[in-house]
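*Asks:* The sequence and its predicted three-dimensional model are supplied below.
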Amino acid sequence: MTHPKRLMAWLTVVALSTTLVASPKQTPHSSKASSEEPFRSFRILDAKLTLLAHQQEALNAALNPGQGGSRSEATNSERRTAASSNMNSTAAGIVLVAGGLERLYQRRHQPFGVEMFRITRIKAQEVRRGVKAVAKAQTRSVLDLATKRLDERIVSLVVQFQAASGGYGAVRCSPDTWACCEPKRSKDLLQSEQVACMWGCVATAESCTGFLGPHIRRP
């Protein structure tokens, strides 16, 4: 049976995506790439979270072989190992991207951005630990508990990504202004959000109290 939280994670990630952008094999740390942040990284994270959801479904199918017809125990074990390995690799990629944004905002001396992406990185690391716990489970009761915790961690990671990126695609700033994610007040945070912000536009970089996005230059 598909756990409700796993289904929630799947539906939430699907709702995130509009256009998927594949992550390049190597990303040079150029000034041009940095000037497009964090929007460039948001597109990469969006694609990776969607991929993670698909891999989670594959893991679920491997953990519940009765849903996919009759297969040998060895085949199910191989599928479980492969699905776990794929999820772990994707989550590791999310850790790297979030960590890169964390370091970017350290260099820019924007503490709110550092905090936002530090939390995102930590939640992705928790997903990796959750995947490893599922892969190592030896009994059905331990497996069910590990799977439930993994579901919760994936939902938490998706919620935190939305807290940082929600609405960024709709921002339309005038030339010579900056995209800026202003912190939400604590009373405006949604359930499970530790920190969150709203994207808008500011006339000067100094007037952004959260963290900056791209500078919109004149054509």
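*Replies:* Cool, got the structure. Numbers count the residues shown, from 1 in each chain.
*Asks:* Tell me the buried residues in the helix or strand where residue 212 lies?
*Replies:* Residue 212 is part of strand 211-216 when elements are defined by DSSP states H and E. Within strand 211-216, the residues that count as buried by 16 or more other C-beta atoms under 10 Å are 211-214, 216. For every residue, glycine as well, the C-beta is placed using N, CA and C.
*Asks:* For it, which strands pair with it and how are they oriented?
*Replies:* Paired neighbours of strand 211-216 in the sheet (DSSP bridges): strand 177-183 (antiparallel).
*Asks:* Could you list the residues in contact with the strand it pairs with?
*Replies:* 39, 112-113, 116, 164, 168, 171, 173, 195-205, 207-216 (C-beta atoms under 8 Å, 6 or more residues apart in numbering).
*Asks:* And the residues you listed, which of them are buried?
*Replies:* Listed as buried from the contacts of strand 177-183 are 112-113, 116, 164, 168, 171, 173, 195-200, 202, 208, 210-214, 216; burial here means 16+ other C-beta under 10 Å.
*Asks:* Which members of these occur in helices, if any?
*Replies:* Mapping these onto helices (DSSP state H) picks out 112-113, 116, 164.
*Asks:* Which parts of stretch 101-120 count as buried, going by neighbours?
*Replies:* 101-102, 104-105, 110, 112-120.
*Asks:* In JSON lines, list the residues you listed along with distance to residue 45 and pLDDT.
*Replies:* Formatted as JSON lines, the buried residues of stretch 101-120 follow (distance: C-beta to C-beta, whole Å; pLDDT from 0 to 100):
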{"residue": "101", "distance to residue 45": "9", "pLDDT": "98"}
{"residue": "102", "distance to residue 45": "13", "pLDDT": "98"}
{"residue": "104", "distance to residue 45": "14", "pLDDT": "97"}
{"residue": "105", "distance to residue 45": "15", "pLDDT": "98"}
{"residue": "110", "distance to residue 45": "18", "pLDDT": "97"}
{"residue": "112", "distance to residue 45": "18", "pLDDT": "97"}
{"residue": "113", "distance to residue 45": "14", "pLDDT": "97"}
{"residue": "114", "distance to residue 45": "17", "pLDDT": "98"}
{"residue": "115", "distance to residue 45": "17", "pLDDT": "97"}
{"residue": "116", "distance to residue 45": "12", "pLDDT": "97"}
{"residue": "117", "distance to residue 45": "10", "pLDDT": "98"}
{"residue": "118", "distance to residue 45": "15", "pLDDT": "97"}
{"residue": "119", "distance to residue 45": "13", "pLDDT": "97"}
{"residue": "120", "distance to residue 45": "8", "pLDDT": "97"}
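*Asks:* Great, nothing more from me.
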